[in-house]
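> what follows is a predicted protein model with its sequence.
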Amino acid sequence: MIQTTSINEVIVHLDNIIEWSKKQNSRIGYFATLYRSMTIAVQKGIANNSFKDGKRMERLDTIFANRYLQAWYAYVNKQTYSNAWRSTFSACDNGNLVVLQHLLLGINTHINLDLGIAAAETCPGDKIHDLREDFEKINDVIASLMQTVQDNLSKVWWPLKMLTKISNNRHEAVLNFSIDSARKASWANAVALAVVQGDANKNYITMMDNTVVRIGNRIMDPGLAMGFVLQQVRRMEDKNVTNIIGLLK
């Protein structure tokens with residue numbers, strides 16, 4: 001079991017997952033690489049006093065990260081963990097998905113499931129409301145880095161530019177996955193989990209888990225029109241995991 005207590009420890013474990021992914025030629029390394037960039041961005045924000053409460057933000061960040069790290073450890077060691085992460089990691093064996101789909105599957109699970117749980121654990125009860133400003137900033141970091149990744153990949157694989165057009169150039173990331181909507185849902189979940197206890201808390205998390213799986217299924221199978229575009233992208237993508245990880249850094 002992995003249990004970090006600092007952002008530096010989180011980065012070390014993410015580096016380990018990335019190296020493992022290279023050796024195993026596993027697409028799990030795609031989201032791990034993006035997540036490493038997110039973590040470093042949050043770390044810099046704390047150092048620059050960008051958050052209302054830096055110490056609280058580091059605690060939230062480590063609780064948040066531990067959920068991902070523990071899910072990966074459970075996956076590798078064939079242990080029980082959330083349905084959403086099991087689905088996300090299993091999808092990495094699907095050679096028909098493009099890089100952007102793997103990234104969005106990771107973001108979907110981490111925002112829509114893990115972030116709300118981590119926020120409620122960091123600030124239980126009425127304390128949750130004081131967290132909102134910093135909670136929003138974490139989501140801003142995720143959204144900005146995701147857009148940067150999309151722009152960088154579009155320079156290499158031009159069909160990716162069409163995905164933005166299909167999503168009407170609004171706040172949606174490609175494939176009609178909206179980080180803005182995920183942010184709102186995650187905050188609502190955090191507020192609910194901060195006050196719900198016992199079996200009700202567990203049942204609520206189970207409901208969240210199942211919802212995230214359904215969203216993930218739509219990311220993997222976005223429909224005929226988008227599926228056709230994604231096929232063209234997939235044909236042009238580099239099939240080497242190590243090379244892709246290099247592009248994502």
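Cool, got the structure. Residues are numbered from 1 along each chain as shown.
> what mean pLDDT does the strand or helix carrying Gln232 have?
Element membership for Gln232, per DSSP states H and E: helix 224-236. On average, the pLDDT along helix 224-236 is 80.
> what helices and strands are in contact with that helix?
helix 160-166 (3 or more Cβ pairs under 8 Å, 6 or more residues apart in numbering; DSSP states H and E). All C-beta atoms are positioned from the backbone trio N, CA, C, and that covers glycine.
> average pLDDT across the helix it packs on?
Rounded mean pLDDT across helix 160-166 is 58.
> any chance you could list what contacts whichever helix or strand comes after it?
Counting by DSSP H and E, the next helix or strand C-terminal to helix 160-166 is helix 179-195. For helix 179-195, contacts defined as Cβ atoms under 8 Å, 6 or more residues apart in numbering pick out 107-108, 111-112, 115-117, 119-120, 123-129, 131-132, 135-136, 139, 142-143, 146, 171-173, 201, 204-205, 208.
> ok, 6 Å please
111-112, 115-116, 119-120, 124-125, 128, 139, 143, 171, 173, 208 (Cβ atoms under 6 Å, 6 or more residues apart in numbering).
> can you select the buried ones from those residues in ChimeraX?
Per 16 or more other Cβ atoms under 10 Å, the buried members of the contacts of helix 179-195 correspond to this ChimeraX selection:
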select :111,112,115,116,119,120,128,139,143,173,208
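> what is the nearest of the contacts of helix 179-195 to Asn243?
Ala173 (22.7 Å; Cβ to Cβ).
> what's the first helix or strand after the helix holding Gln232?
helix 241-248.
> what's the farthest-apart pair in the contacts of helix 179-195?
Between any two of these (Cβ to Cβ), the greatest distance is 32.7 Å, for Gly125 and Ala173.
> JSON lines for the contacts of helix 179-195, including secondary structure and pLDDT?
Formatted as JSON lines, those follow (DSSP: H, G, I helix; E, B strand; the rest coil; pLDDT from 0 to 100):
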{"residue": "Ile111", "secondary structure": "helix", "pLDDT": "92"}
{"residue": "Asn112", "secondary structure": "helix", "pLDDT": "95"}
{"residue": "Leu115", "secondary structure": "helix", "pLDDT": "95"}
{"residue": "Gly116", "secondary structure": "helix", "pLDDT": "97"}
{"residue": "Ala119", "secondary structure": "helix", "pLDDT": "97"}
{"residue": "Ala120", "secondary structure": "helix", "pLDDT": "98"}
{"residue": "Pro124", "secondary structure": "coil", "pLDDT": "97"}
{"residue": "Gly125", "secondary structure": "helix", "pLDDT": "97"}
{"residue": "Ile128", "secondary structure": "helix", "pLDDT": "98"}
{"residue": "Asn139", "secondary structure": "helix", "pLDDT": "81"}
{"residue": "Ala143", "secondary structure": "helix", "pLDDT": "77"}
{"residue": "His171", "secondary structure": "coil", "pLDDT": "39"}
{"residue": "Ala173", "secondary structure": "coil", "pLDDT": "42"}
{"residue": "Met208", "secondary structure": "helix", "pLDDT": "97"}
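> which element is the spatially most central residue of the chain on?
By Cα atoms, centre = their mean, the chain has its centre lying nearest to Ile107, at 2.4 Å. If you go by DSSP H and E, Ile107 is part of helix 99-109.
> ok, now Leu145?
Assigned by DSSP H and E, Leu145 falls in helix 132-156.
> please identify the buried residues of that helix?
For helix 132-156, by 16+ other Cβ under 10 Å, it's 134-135, 137-139, 141-143, 145-146, 149-150, 153-154.
> helices or strands next to it in the packing?
Counting contacts by 3 or more Cβ pairs under 6 Å, 6 or more residues apart in numbering; DSSP states H and E, helix 132-156 packs against helix 28-47, helix 160-166.
> and those, which one averages the lowest pLDDT?
helix 160-166 has the lowest average pLDDT among those, namely a mean of 58.
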